[in-house]
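Q: here is the input, now give the coordinates:
(one chain, ligands or ions: 2)
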Amino acid sequence: MFVPAHITGFFSIHIDREVLKTGSKGAGITLNRGVKIEVKEGRGRIYYNNKKVDICPVKKLLPENFDLFLTSPFPLASGLGMSGASALGVAKLFYNNFLEKAHTSEVLCGTGLGDVIAQYVKGFVIRLKPGLPFKVLKINVDKYVVVDVLGKMETREIIKDNIKKERINRVGERCLNELLKKPTIENFMKLSYRFALETGLMDDEIKEMCKTVKNSSQSMLGKTFFCVVDRDEIKEVCSILNDPIICKVIN
Ligand SMILES: Nc1ncnc2c1ncn2[C@@H]1O[C@H](COP(=O)(O)OP(=O)(O)OP(=O)(O)O)[C@@H](O)[C@H]1O
Ligand SMILES: CC(C)(CO)[C@@H](O)C(=O)[O-]
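A: Residues are numbered from 1 along each chain as shown. Ligands and ions are numbered 1, 2, ... in the order given. Predicted structure coming up:
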């Protein structure tokens, strides 16, 4: 089974007494690259690109008599929603109410708030309401996305920090209102860049890269550069990146 990666451009955090209603609002894009999921009878072990790992939301969902094999071009904790994708994939294999199961596990582990919903809907997804049942605006786009992973940032450490949360929510809500006035991918990229800068989440190196590439920003929540381009722009963009991964928006 395949589940797409999800890049969040901007978001706001909403905590509720009920786990299902806890989540984020915001906007992001899903990619044609993500995680491939296979299971075999085993002992509850999880492998990510052949390395034994512990991924909290996946562990919550995997029955003890199965092993899970995850394969991806993307590392964990890089703002590509790999924990959510893995949770959604394993939930689909074992439960009927898989979306609720995957979202709940992500929220309880602190590894994601909206990735699973976007990965289920697919495309350029604007999340209008936190949690489930979801309310989104889905826009199909025919664009390429070039990703360059520079380092790691664990989601949990950011979303549990109250000072960061206050700033994220102020800027995130404003970005969502601005996007809804003009819901285009170009406006999404402009607002994502502004969000990263104004929340203080922007990495210095990525900021420099964004100055030379239009329609680019930092993936939330990670130390990952991404840009949205047309096919004829891919080569030029790749020539200035460290380790580009070429993807397409999957709708
Ligand atoms: N080598 C590793 N590096 C980073 N995280 C790891 C590693 N091995 C296991 N993990 C686990 O993977 C999960 C990563 O979750 P996190 O939400 O930070 O990343 P993600 O889902 O890939 O990206 P996003 O920021 O888009 O949510 C955590 O539960 C973390 O403990
Ligand atoms: C919190 C988050 C940015 C982590 O990737 C994502 O789950 C989201 O957009 O809610």
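Q: the nearest residue to residue 191 once chain neighbours are set aside: neighbour count?
A: In this structure, residue 191 finds its nearest non-sequential neighbour in residue 175, 4.3 Å apart by Cβ to Cβ, 6 or more residues apart in numbering. For glycine as for every other residue, the C-beta is placed from the backbone atoms N, C-alpha and C. Residues lying near residue 175 (other Cβ atoms under 10 Å) number 26.
Q: what's the answer for residue 75, then?
A: 15.
Q: what do you get for residue 201?
A: Counted with other Cβ under 10 Å, residue 201 comes out at 22.
Q: what about it, helix or strand, and which?
A: Assigned by DSSP states H and E, residue 201 belongs to no helix or strand.
Q: measure it to ligand 1 for me?
A: Separation of residue 201 from ligand 1 (Cβ to the nearest ligand atom, to the nearest Å): 11 Å.
Q: now that residue: phi and psi?
A: phi -90, psi -10 (degrees, to the nearest 10).
Q: do I have it right that it meets residue 159?
A: No. The pair residue 201 and residue 159 does not pass the contact test of Cβ atoms under 8 Å, sitting 11.3 Å apart.
Q: now do the shared contacts for the two.
A: The contact sets of residue 201 and residue 159 overlap at 168, 221 (Cβ atoms under 8 Å, 6 or more residues apart in numbering).
Q: other residues contacting the helix or strand bottoming out on mean pLDDT in the chain?
A: Sorting the helices and strands of the chain by mean pLDDT, DSSP states H and E puts helix 155-159 at the bottom, at a mean of 89. Outside helix 155-159, the residues within contact range by Cβ under 8 Å, 6+ apart are 13, 77, 83, 109-113, 164-165, 168, 201, 221.
Q: at 6 Å what do you get?
A: Helix 155-159 is contacted from outside by 13, 110-111, 164, 221, using Cβ atoms under 6 Å, 6 or more residues apart in numbering.
Q: does it come close to ligand 2?
A: Yes. Applying Cβ under 6 Å from any ligand atom, one finds helix 155-159 touching ligand 2 at 155, 159.
Q: returning to that earlier point: of the contacts of helix 155-159, which belong to strands?
A: residue 13 (DSSP state E).
Q: ok, which residues in the stretch 1-150 of the chain are in contact with ligand 1?
A: So far as Cβ under 6 Å from any ligand atom goes, the stretch 1-150 of the chain lies against ligand 1 at 53-56, 76-84, 109, 111-112, 115.
Q: let's see that with 5 Å instead.
A: Applying Cβ under 5 Å from any ligand atom, one finds that the stretch 1-150 of the chain approaches ligand 1 through 53, 55-56, 76-77, 79, 81-83, 111-112.
Q: in helices only, show me the residues you listed.
A: 56, 82-83 (DSSP state H).
Q: what about stretch 66-73, distance to the chain center?
A: 18 Å (Cα atoms, centre = their mean, to the nearest Å).
Q: so for it, what gets flagged as buried?
A: 66-70, 72 (16 or more other Cβ atoms under 10 Å).
Q: all strands of the stretch 1-150 of the chain, in order?
A: Remark: strands assigned in the stretch 1-150 of the chain by DSSP state E, counting those that start in this stretch are 2-14, 23-41, 46-48, 51-53, 66-71, 124-127, 136-139, 144-151.
Q: the longest helix seen in the chain and ligand 2 in contact?
A: Scanning the chain for the helix with the most residues, using DSSP H, yields helix 162-181. No. Using Cβ under 5 Å from any ligand atom, helix 162-181 stays clear of ligand 2, coming no nearer than 8.9 Å.
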